[in-house]
Every structure is written in C-alpha cells, then in structure tokens.
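Asks: got a sequence here, can you model it:
(one chain, ligands or ions: 3)
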Amino acid sequence: MKIAILPGDGIGPEITAQAVKVLNALGESFEMESAEVGGAGYAAHGHPLPEGTLKLAKEADAVLFGAVGDYKYDTLERALRPEQAILGLRRELNLFANLRPAILYPELAGASTLKPEVVSGLDILIIRELTGDIYFGKPRGVRECPDGPFKGQREGFDTMRYAEGEIRRIAHVAFQAARKRDKRVTSVDKANVLETFQFWRDIVTDVHKEYQDVALEHMYVDNAAMQLVRAPKKFDVIVTGNMFGDILSDAAAMLTGSIGMLPSASLDANNKGLYEPSHGSAPDIAGQGVANPLATILSAAMMLRFSLGLTEQADRIENAVKRVLAQGLRTPDIHEAGSTKVGTEEMGNAVVAALA
Ligand SMILES: NC(=O)C1=CN([C@@H]2O[C@H](COP(=O)(O)OP(=O)(O)OC[C@H]3O[C@@H](n4cnc5c(N)ncnc54)[C@H](O)[C@@H]3O)[C@@H](O)[C@H]2O)C=CC1
Ligand SMILES: CC(C)CC(=O)C(=O)O
Ligand SMILES: [Mg+2]
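Replies: Ligands and ions are numbered 1, 2, ... in the order given. Sure, this is the predicted structure:
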C-alpha cells in the first residue's frame, strides 16, 4: 500500500513526522513517499502543487497531508500561493466529501473553552462539501463596478454556485453516515438569502425521500454557529457547503479542546482520500516543537479505516491517543493545571509507546 506524504509548510512537517512515526510502528509494510507541497513546493519547484507531487498523490492509495501556507507568500499572485496546493489536490482528486468528526475525549473536558456540561460526551460529524461553492466558482476577480452607487470603482467578486449533482452526492454521504450513527442530519444553509442555498435545501429535501429512517432538519448557518456553542450535543451529522463547513468546523474544533484535536478525511466517490488535520500551518508556533500532532495522527487513523481497509490498526491508533490523554500528557494548546506539558515529538513518541 502506497501512501503519499505531503508535509507542506509551517507546523506541517513537525506534525506529519509524528503521524509517520506512528504508522511505521504498526508493523505493516507501507510504502511511503514524500513530496513538497504549498510554499515548500513553490520554493523547490516554482509551483505550490508541482507536477511530481500531483502525480504521486494520484498514484498513491492515500495521501497524508500536513498543512500549507505562510504569510511570506501572501503577496504572491493567487495561482502561486501555497493554499492553491490543497485546493488543487481536492479538485484534481475529486475529493468532494470532507468528514470532520468533532469528538471530545473525556480527559479534555476541562480544556475546552466551553463548560464541561455543554461539551462532555460530544460526538458530532461535520460533512463539508469540498470541491464546489464560492471557493471554486467562476467568474471571480477584481473588475470595474458596472452599476450602483459605486459604479466605475474597482470591485472584488466571487461566484457561489452548486450543481444539482454536487448537492445530491454530498447529501447521500451525509444520510448514509447518519445511518451508522444517531440517524439525524442537520443541513446547514442560508436559504433565506441565497439562491444557491435555497436550491441546496430543495435538493437535500428530495434526496431525503430515500432515507426516511433518518431525521432531517434544516438550519440557517448563523443559527447553526450559535447552536454549536449553545448546545453542540444536539447535533449528530451536520452537512453543509464548502465555505460554511470551513468556518463551522473551526468553531467545532474548540468544542474538542483545541483545533489541534480535529482530524479530517477528504474522500472521492470510491473512498480514495486525502487525510489532514482541520487546522492550517500555524506559522505563529512553527519550528517551536509545541504543535499538537494528535489531529494529524488521528487523520492517519481515518486513512487506515476509510482508504486502506485496516480497521484494527485504526482502532489501535485511536486507543493509543486515548491512553496518552489518560496519562495526562498535553501539548500546550490543551494543557491545564495538573497535566504534564509535552512537545510535539514527545507526544508522538507517547502515542507510539501506547500502541497495544
Ligand atoms: N488545509 C490547510 O493547509 C490550511 C491552511 N491554512 C493556512 O494556514 C495559515 C495559517 O492560518 P490561520 O488562519 O492562522 O489558521 P491555523 O489553523 O494555522 O492557526 C490558527 C490558530 O490555531 C493554532 N493551531 C493550529 N494548529 C495547531 C496545532 N496543531 N497545535 C496547536 N495550535 C494550533 C495556531 O497556532 C493559531 O493560533 C494560512 O496561510 C492559511 O491560509 C489554513 C487552514 C487550512
Ligand atoms: C485553504 C483553505 C480552504 C483551507 C481551509 O481552511 C480548510 O480546508 O479548512
Ligand atoms: Mg479551514
């Protein structure tokens, strides 16, 4: 089984190294090959998604991705910015379904900024459509404003759009996932304002006819943001578009104690996938050896489960993470009084040691 390892920028290489260490400790014979991506790809090959990196990602059975982005590249023309690498991979590999499970490990109830009684027992699944919406819609750019009070001035514009088939396939993913859980789906939209999301609501409602054993509710995104911090445990599966899912999943991350705890799987129609933490490259802490590697390690576990069919090995990793948390080991982002503060590498080593 071949795994493409794309560490990227900022904390990407530090956290990916820990996940690779854990994978190597499982006793399987994975073939792993690394390549530059993001700012590292631009620095080495003049492009954030070099041809060789894309080829490797396409050939591999699964991709383990760190993170991309660095403020020093923010003034590059957009096509050359590091973030284009992850957007390009999602598009090129047709990774339309992004699964972000927000689970609160009981030991971290005190690490969340929310009261323990609000978050304890939290287990929700955010399903974010990943290859459509305003992140990919065209036309986009800066042009002369054609009308209105600012006519003649420059204006920035993007295009929000969803094709029926795009909505249908992500809705199927959500209903099928709900069937394996508590059988409840909340579809999050902005149907009261946006044509795109009234259409989204209509199509999700239509797909639901095939899943009458699953309860469906619709919720506007502003309310969903509020409910996520008011009563997050009321959710089971949340399905939403690319941009709303991006924003809501960062908010949900804090319910789990830290964004350093939130893994993700980005899947195509055949469960081939790219696995990455839900956070970015965290340039503010890069190189300090303090980043939490658990979201990346848990993403590697999702890779074993969803793309490589190694369910028992995935369980081993997830159980090892539970053990290190029970041992009281904490990176600074989840540290609280009474726990033992460790760095990125120590945390990775502890997970390896805890593999049963
Ligand atoms: N998939 C990707 O590669 C993503 C890339 N980005 C890029 O990352 C760069 C930084 O973006 P930000 O908005 O600052 O988001 P970010 O997620 O990188 O960081 C936000 C905050 O969370 C902290 N944080 C993130 N991951 C952490 C971890 N594992 N352990 C401890 N603390 C952690 C950071 O230190 C920072 O204070 C930008 O260039 C952005 O475009 C952002 C999100 C996703
Ligand atoms: C480049 C961004 C779209 C990445 C991001 O924020 C995410 O996938 O969560
Ligand atoms: Mg994001």
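Asks: okay, CA-based contacts and neighbour counts for the rest of this
Replies: Noted.
Asks: for the helix or strand bottoming out on mean pLDDT in the chain, which outside residues touch it?
Replies: Using mean pLDDT, DSSP states H and E, the weakest-scoring helix or strand in the chain turns out to be helix 116-119, at a mean of 93. Here helix 116-119 makes contact (CA atoms under 8 Å, 6 or more residues apart in numbering) with 104, 109, 110, 112, 230, 231, 232, 233, 255, 256.
Asks: so who does residue 257 touch?
Replies: 104, 108, 109, 110, 111, 112, 113, 334.
Asks: residue 218 sits in which helix or strand?
Replies: Residue 218 belongs to strand 215-220 when elements are defined using DSSP states H and E.
Asks: show me what counts as buried in that strand.
Replies: 216, 218, 219, 220 (16 or more other CA atoms under 10 Å).
Asks: strands paired with the helix or strand immediately after the least confident helix or strand of the chain in the chain, and their directions?
Replies: Per DSSP H and E, helix 116-119 leads on to strand 123-129 as the next helix or strand towards the C-terminus. Paired strands of strand 123-129, with direction, are strand 97-103 (antiparallel), strand 237-240 (parallel) (DSSP bridges).
Asks: is the last one in proximity to ligand 2?
Replies: No - applying CA under 6 Å from any ligand atom, one finds strand 237-240 out of contact with ligand 2, separated by at least 13.3 Å.
Asks: excluding chain neighbours, what is closest to residue 228?
Replies: Spatial nearest neighbour of residue 228, excluding adjacent residues (CA to CA, 6 or more residues apart in numbering): residue 252 at 6.8 Å.
Asks: now for that neighbour, how many residues are close by?
Replies: 24 (other CA atoms under 10 Å).
Asks: going by secondary structure, it is in what exactly?
Replies: Assigned by DSSP H and E, residue 252 belongs to helix 242-255.
Asks: give me the helices and strands touching that helix, please.
Replies: Applying 3 or more CA pairs under 8 Å, 6 or more residues apart in numbering; DSSP states H and E, we find helix 242-255 packed against strand 97-103, strand 123-129, helix 221-230.
Asks: what about the residue of the stretch 201-350 of the chain found nearest ligand 2, distance to residue 108?
Replies: Using CA to the nearest ligand atom, the single residue of the stretch 201-350 of the chain nearest to ligand 2 is residue 246, 4.9 Å away. According to CA to CA, to the nearest Å, residue 246 and residue 108 sit 23 Å apart.
Asks: ok, the two, which is more surrounded?
Replies: Neighbour count, other CA under 10 Å: between residue 246 and residue 108, residue 108 has more, with 22 against 19.
Asks: how far away is that one from residue 122?
Replies: Counting by CA to CA - residue 108 and residue 122 are separated by 11 Å.
Asks: what do those two both touch?
Replies: What both residue 108 and residue 122 touch, as defined by CA under 8 Å, 6+ apart, is the set residue 256.
Asks: check whether stretch 238-253 contacts ligand 1.
Replies: No - judged by CA under 6 Å from any ligand atom, stretch 238-253 makes no contact with ligand 1; its nearest approach is 8.0 Å.
Asks: so which bits of that stretch are buried?
Replies: For stretch 238-253, by 16+ other CA under 10 Å, it's 238-246, 248-253.
Asks: could you do stretch 106-123 as well?
Replies: 106-112, 114, 116, 118-120, 122-123.
Asks: stretch 319-329 now?
Replies: For stretch 319-329, by 16+ other CA under 10 Å, it's 319, 320, 321, 322, 323, 324, 325, 328, 329.
Asks: take those residues and keep only those in helices.
Replies: 319, 320, 321, 322, 323, 324, 325 (DSSP state H).
Asks: count of neighbours near the spatially closest residue to residue 215 that is not a sequence neighbour?
Replies: The shortest distance from residue 215 to any non-neighbouring residue, by CA to CA, 6+ apart, is to residue 184 (4.7 Å). Close neighbours of residue 184, defined as other CA under 10 Å, add up to 21.
Asks: my guess is residue 184 meets residue 237, correct?
Replies: Yes - shown here, residue 184 and residue 237 form a contact pair, counting by CA atoms under 8 Å, at 6.2 Å.
Asks: the closest residue to residue 161 other than its chain neighbours and residue 194: what is the separation?
Replies: In space, and not counting its chain neighbours, residue 161 is closest to residue 133: 5.1 Å by CA to CA, 6+ apart. Counting by CA to CA, the separation of residue 133 from residue 194 is 12 Å.
Asks: looking at these two, which is more packed in?
Replies: Just comparing residue 133 and residue 194: by other CA under 10 Å the higher neighbour count belongs to residue 133, 22 against 12.
Asks: I'd like the average pLDDT over stretch 334-349.
Replies: Mean pLDDT, stretch 334-349: 95.
Asks: in it, what's buried?
Replies: 334, 335, 341, 342, 343, 344, 345, 346, 347, 348.
Asks: one more: stretch 269-278?
Replies: Neighbour-count burial for stretch 269-278 flags 271, 272, 273, 274, 275, 276, 277, 278 (criterion: 16+ other CA under 10 Å).
Asks: ok, which stretches of this structure are helices?
Replies: Taking DSSP H as the criterion, the chain carries its helices at 12-24, 39-45, 51-59, 83-92, 116-119, 164-179, 195-208, 221-230, 242-255, 294-306, 311-326, 344-354.
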